[in-house]
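>>> Okay, sequence plus prediction incoming.
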Amino acid sequence: QVQLVESGGGLVQPGGSLRLSCLASGVTLGHYAVGWFRQAPGKEREGVSCISKTVNTTYIMDSVKGRFTISRDNAKNTVYLQMNSLKPEDTAVYYCKVRVYQLGTPTDYWGQGTQVTVSS
């Protein structure tokens, strides 16, 4: 059974930093690309960052470039999102996702989300 558990969210002042973690069980994250998404109140879920299984390729959405960094620790079966210089518009629930292929059929697994609130 695949489970993803996000942690590391919280309340932070503008300009502050947080590091989110996505810990997996039931799946070896090192075999797959993993993405971070976020959803603000009243808005659609959007892709924030993604890291390939080989770590050679990463994607960062334009509005967080230079502030957010995605990384992975395969030994800990965890993917991280380091968020620096946070802005109020970064406030959202952050989710991690992994797409697992089984017999050629993809299945998306999501975590429960972690709330990030940037406010003074």
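Arrived safely. Numbers count the residues shown, from 1 in each chain.
>>> From residue 45, how far off is the residue nearest to the spatial centre of the chain?
Nearest to the mean C-alpha position of the chain, counting by Cα atoms, centre = their mean, stands residue 36 at 2.7 Å. Taking Cβ to Cβ, to the nearest Å as the measure, residue 36 falls 11 Å from residue 45. Where C-beta positions appear, they are placed from N, C-alpha and C, glycine not excepted.
>>> same check, this time on residue 92
When distance is defined by Cβ to Cβ, residue 92 is 9 Å away from residue 45.
>>> do the same with residue 17
According to Cβ to Cβ, residue 17 stands 23 Å off from residue 45.
>>> looking at the protein, which helix or strand is least sure?
Ranking every helix and strand in the chain by mean pLDDT, DSSP states H and E puts strand 58-60 at the bottom, with a mean of 89.
>>> residue boundaries of the strands in this protein?
3-7, 10-12, 18-25, 34-39, 46-51, 58-60, 68-73, 78-83, 92-102, 105-110, 114-118 (DSSP state E).
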